[in-house]
Structures are given as structure tokens and as C-alpha cells.
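Chemist: Predicted model, plus sequence, below.
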Amino acid sequence: MPIYEYACPSCGGTFEELVFGDADPPCPECGSSQAARLMSRACFHSGGGSDYGDAANTHSGGSCGCGGCSGGNCASCC
């Protein structure tokens, strides 16, 4: 049961939803059934270091929603 990100063309909103099947959920803001699934960014870390394996410090802007991270630490916005 994956969590997908969606964008609604009717109201311009974005949301995340836990999906139990193939049907796309309606927008929670306006109820539109036209919400489209978004492509999520991957989050990974290669190499070593003191923050190895700490997803909060290696986030690349995925589903936390801030979009303002400059490649290092999203702890301030997630």
C-alpha cells in the first residue's frame, strides 16, 4: 500500500494519499476526480559520513513539501 502524491488541476492543490488499489482518490480540497499522480523524487545517500543513513539529512525534496531545500538538510522545513 504505497503513498502517492497527487496534484489537482481544478483547485491547484497537492496532497498525499495511501492507495489501496488502482483507483486515484478524489481531491480532499474540492472533491474533483481529476487529480493526477505526481512523480516523486527519490531520496538516497551514497558514501559514508556522520549522517550516513539519516534520511532527514539526505532528503532531496521528495514528499516533505518544502521544495526549498538546497541539497543538505530538510530538518528545518519537514
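Modeler: Alright, I've got the coordinates.
Chemist: which SS state does the spatially closest residue to Pro28 that is not a sequence neighbour fall under?
Modeler: Of all residues not flanking Pro28 in the chain, Phe15 sits nearest, at 5.6 Å (C-beta to C-beta, 6 or more residues apart in numbering). All C-beta spots, glycine's among them, are computed from the backbone N, C-alpha and C. Here Phe15 takes the strand state, with states given by DSSP: H, G, I helix; E, B strand; the rest coil.
Chemist: doesn't Glu29 make contact with Phe15?
Modeler: Yes - under the contact definition of C-beta atoms under 8 Å, Phe15 touches Glu29, with a separation of 7.5 Å.
Chemist: Common neighbours of these two, please.
Modeler: The contact sets of Phe15 and Glu29 overlap at Cys8 (C-beta atoms under 8 Å, 6 or more residues apart in numbering).
Chemist: domain ranges for the protein?
Modeler: As recorded under automatic domain parsing, the domains making up the chain are 1-40, 45-78.
Chemist: list the contacts for the residue nearest to Pro28?
Modeler: With contacts taken as C-beta under 8 Å, 6+ apart, Phe15 has the following neighbours: 5-6, 8, 27-29, 35.
Chemist: among those, which two are most distant?
Modeler: Within those, Glu5 and Glu29 form the most distant pair, 14.3 Å apart (C-beta to C-beta).
Chemist: all strands of the chain, in order?
Modeler: Per DSSP state E, the chain has strands spanning 3-7, 14-18, 36-37. These are given in chain order.
Chemist: so of these, which one's packed in deepest?
Modeler: Each of these was given a mean neighbour count from mean count of other C-beta atoms under 10 Å, and the largest, a mean of 16, is that of strand 3-7.
Chemist: how about low-confidence regions in the chain?
Modeler: Counting by pLDDT under 70, the chain has low-confidence residues at 1, 42-78.
Chemist: Tell me which stretches of it form helices.
Modeler: Counting by DSSP state H, the chain has no helices at all.
Chemist: Next up, the contacts around the closest residue to Gly13 other than its chain neighbours.
Modeler: Counting by C-beta to C-beta, 6+ apart, Glu29 is the residue found nearest to Gly13 once chain neighbours are left out, at 4.4 Å. With contact taken as C-beta under 8 Å, 6+ apart, Glu29 is in contact with 8, 11, 13, 15.
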